[in-house]
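Undergrad: pasted the sequence and its predicted model underneath.
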Amino acid sequence: MKPLGPIPTGFAVLDGELAIGGRTASALVAEAGGTPLFVYSSAMIRERVALLRERLPDRVRLHYAIKANPFPPLLALMRGLVDGFDIASGGELRLALEAGQAPAAMSFAGPGKRDAELELAILRGVTLNIESTGQARRALRIAERIGTRARLAIRVNPAFELRGSGMKMGGGAKPFGVDEALVPGLAREMIAAGAEWRGLHVFAGSQALDAEAIAEAQGRVLDLAARLTAEIGAPLPHLNMGGGFGIPYFAGDRPLDLAHVGEALSERIAALPPELAETEMAVELGRYLVGEAGVYLTRVLDRKESHEQTFLVTDGGLHHVLAASGNFGTVVRRNYPVAIASRFGADPEGEASIVGCLCTPLDRIADQALLPRAEEGDLVAVFCTGAYGASASPAAFLGQGPAREMLV
């Protein structure tokens, strides 16, 4: 038997089924027209934002990194809850605009921005987080050609990384950001060329559950920003401190101690150096805002036995939940939180593996998990799929097509 990850709090049992937003899984599937289906809980998202507002210093603004989940109804919800959007492509810029987000409340990161994307961002008044000297000079040339002042910040490649993070985004040679030593000279060049100086973006890592490691990284970000500001010789309008806040996916994971993060950051902000006295600050969060609010529902097509092992074959799979299958950066595959949604809360009866419908052995949703007995027609729920699910999975693989999505 292999353990399942922890199911997030916020879900209930109704008529023997998983309930999301006060409605049963089967009712949601019926409304959507079938499975596979992603369901996102607006109540859980609102609660997470409220918790962050409570625990983090008032001075720190909340930004949503829409790469986590760009579902349009969810973006419309987030626009009213957070202070800004962080985007990473021209396509995301268009989605953010369609959701009604003000361009001045957007920042655009990414090491490979095309000229057309740079031009669209400059025309709209979006802040570009510059990731190289070449990118800066292309942006300045485009701004001069179209007769508009570019709003430019610099994404810094810090010399440190976020300890314990799932993905290291800083420290050493990286395609992301401008190395610390090059930042002051590039900032002065951009300012001299007439750009509107918007500040710094420092993202050291993601998916960290260690509150002390996050607090340490945030302190180092503040120290770095103060030093670079002094070397640049111009006030720092804005500091995007990055994010990195993780959520529990696997057995043994413990939730992030957000109170500790907030207390440590409050202490640092209370003793800011003069270089940062007037700086606007923000944290950039994606997964932490929406990840636990999402559930993927898929239906059992077949129950089969092979060499004394039970397999539940579903109509979903890795083409929608690539991360849950263990094929999205995981070194050792472990089980996500999974349940039989149509028998939610029932006692487990035996061991079964849940697999998808694709013709590949990589299509695994849960391995040798202890579950209630499930038959053809039962619904399976995969939790923690509100981030990096539908839009981060190969929906076109084997001609399967996308899953349905709904916000409740």
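TA: Received, thanks.

Undergrad: residue ranges of the strands in the stretch 1-150 of the chain, please?
TA: 12-14, 17-20, 23-24, 37-40, 60-65, 84-87, 106-108, 127-130 (DSSP state E, counting those that start in this stretch).

Undergrad: so for residue 252, which of the ones you listed sits nearest?
TA: Residue 252 lies closest to strand 17-20 among those, at 23.3 Å (C-beta to C-beta). C-beta coordinates here come from the backbone N, C-alpha and C atoms, glycine included.

Undergrad: tell me which of the strands of the stretch 1-150 of the chain sits nearest to residue 322.
TA: Using C-beta to C-beta, these put strand 37-40 closest to residue 322, at 13.1 Å.

Undergrad: partners of that closest one, with directions?
TA: strand 294-306 (antiparallel), strand 404-407 (parallel) (DSSP bridges).

Undergrad: hey, where'd the helices end up in the stretch 151-300 of the chain?
TA: All helices of the stretch 151-300 of the chain, identified by DSSP state H, counting those that start in this stretch, fall at 183-192, 211-232, 258-270, 287-290.

Undergrad: ok now the third one, how far from the chain's centre?
TA: Its chain's average C-alpha position is 22 Å from that of helix 258-270, according to C-alpha atoms, centre = their mean, to the nearest Å.

Undergrad: again with the shortest one
TA: Using C-alpha atoms, centre = their mean, we find the averaged C-alpha position of helix 287-290 to lie 6 Å away from the chain's own average C-alpha position.

Undergrad: any idea of the mean pLDDT in it?
TA: Helix 287-290 shows a mean pLDDT of 98.

Undergrad: then stretch 398-408?
TA: 97.

Undergrad: dump the strands of the stretch 1-150 of the chain into TSV; add mean pLDDT and distance to residue 193 as well.
TA: Output for these, formatted as TSV (pLDDT from 0 to 100; distance: least, C-beta to C-beta, whole Å):
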stretch	mean pLDDT	distance to residue 193
strand 12-14	96	57
strand 17-20	98	51
strand 23-24	98	55
strand 37-40	98	43
strand 60-65	98	27
strand 84-87	98	24
strand 106-108	98	19
strand 127-130	98	12
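
Undergrad: pick the most deeply packed of the ones you listed.
TA: Of all the strands of the stretch 1-150 of the chain, strand 127-130 has the most neighbours on average by mean count of other C-beta atoms under 10 Å, namely a mean of 28.

Undergrad: out of the helices of the stretch 151-300 of the chain, the one nearest residue 32 is which?
TA: Here helix 287-290 is closest among these (C-beta to C-beta), at 18.6 Å.
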